[in-house]
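[1] have a look at this prediction, sequence included:
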Amino acid sequence: MSDHPNPLDAETVRAIEAIILVAVEPVPAEQLAQLLEQPVVVIERLCAELADAYAEAGHGFQLAKVAGGYRYQTHPELSPYVERFLLDGQRARMSGAALETLAIIAYKQPLSRAQIASIRGVDPDGVIRTLQARGYVTEVARDTGPGQAILFGTTPAFLEKLGVNSLSDLPPIAEFVPGADVVEALEHGLRIDPPADARA
């Protein structure tokens, strides 16, 4: 923020902070602009300056642009403390099957149940229902082919939970795929050779 802020900007910044603080979901710049009767470019500039000011001051929270809007969130460096707090008496967590299915949908959407089943090798119906109930996936379209299967995709709530602004911000899937040398080492390590006397 500048050393001599415009009084109008200072009042607008205070209003931005107040609105985002009480908002349940990320607040789009367009909505802030409408509420505060300011151009969107002014809101975007003030939010960027505000985010920089928080970062420079070393706060434990930050103003982040997530799922197309602004929200306050804890600083990533402090996640171990936040996780410890949240896991103290934690609610039920998502199963490995649910996480796997969610990752498949996130990276390959839109997908039908049959396509998800062909990738996972198991019927995904129960897991998809769980993900829909949590608000992470939804029906986004219908396949144009025979049967017009329902196609699933992720929701803004999924982006918000991950703390990313769009699907393009997800890390490249190649980062999670092991190299050929790792796969070969795994195969070698898992191979069971028969005893020498059995081979004779």
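    Everything's here; your move. This structure is a prediction, so every number in the text was calculated from the model and none was measured. Numbering: from 1, shown residues only.
[2] buried residues in the longest helix seen in the chain?
    In terms of residue count, the longest helix belonging to the chain (DSSP state H) is helix 40-57. Using 16 or more other CB atoms under 10 Å as the burial criterion, the residues of helix 40-57 that qualify are 42-44, 46-47, 49-50, 54. (Glycine included, C-beta is placed from N, CA and C.)
[3] with distance to P76 and pLDDT added, can I get those residues in TSV?
    Conversion of the buried residues of helix 40-57 to TSV gives the following (distance: CB to CB, whole Å; pLDDT from 0 to 100):
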residue	distance to P76	pLDDT
V42	28	95
I43	24	96
E44	22	96
L46	23	96
C47	19	96
E49	21	94
L50	18	95
Y54	13	94
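[4] would you mind giving these as CSV with distance to M94 added?
    Written out in CSV, the entries for the buried residues of helix 40-57 read as follows (distance: CB to CB, whole Å):
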residue, distance to M94
V42, 40
I43, 35
E44, 34
L46, 37
C47, 31
E49, 37
L50, 33
Y54, 30
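[5] which parts of stretch 25-36 are buried?
    Neighbour-count burial for stretch 25-36, with 16+ other CB under 10 Å as criterion, is recorded at 26-29, 31-33, 36.
[6] tell me the one among those residues nearest to G163.
    Nearest to G163 among these: P26, at 10.1 Å, using CB to CB.
[7] how close does the nearest residue in space to that closest one that is not next to it in sequence sit to Y54?
    Distances taken as CB to CB, 6 or more residues apart in numbering place G69 nearest to P26, at 3.0 Å, with adjacent residues excluded. Spatial separation of G69 from Y54 under the definition CB to CB, to the nearest Å is 17 Å.
[8] right, and I116 touches T101 too?
    Yes: I116 is in contact with T101 according to CB atoms under 8 Å; the separation is 6.3 Å.
[9] ok, these two, which is more surrounded?
    Neighbours around I116 and T101, counted as other CB atoms under 10 Å, are more numerous at T101. The numbers are 27 against 21.
[10] what's the separation between the more buried one and L162?
    In this structure, T101 and L162 are separated by 15 Å, where distance is defined by CB to CB.
[11] can you check L131 too?
    Spatial separation of L131 from L162 under the definition CB to CB is 14 Å.
[12] quick one, which of these two is more surrounded?
    Of the pair L131 and L162, L131 is the one with more neighbours under other CB under 10 Å, namely 23 against 17.
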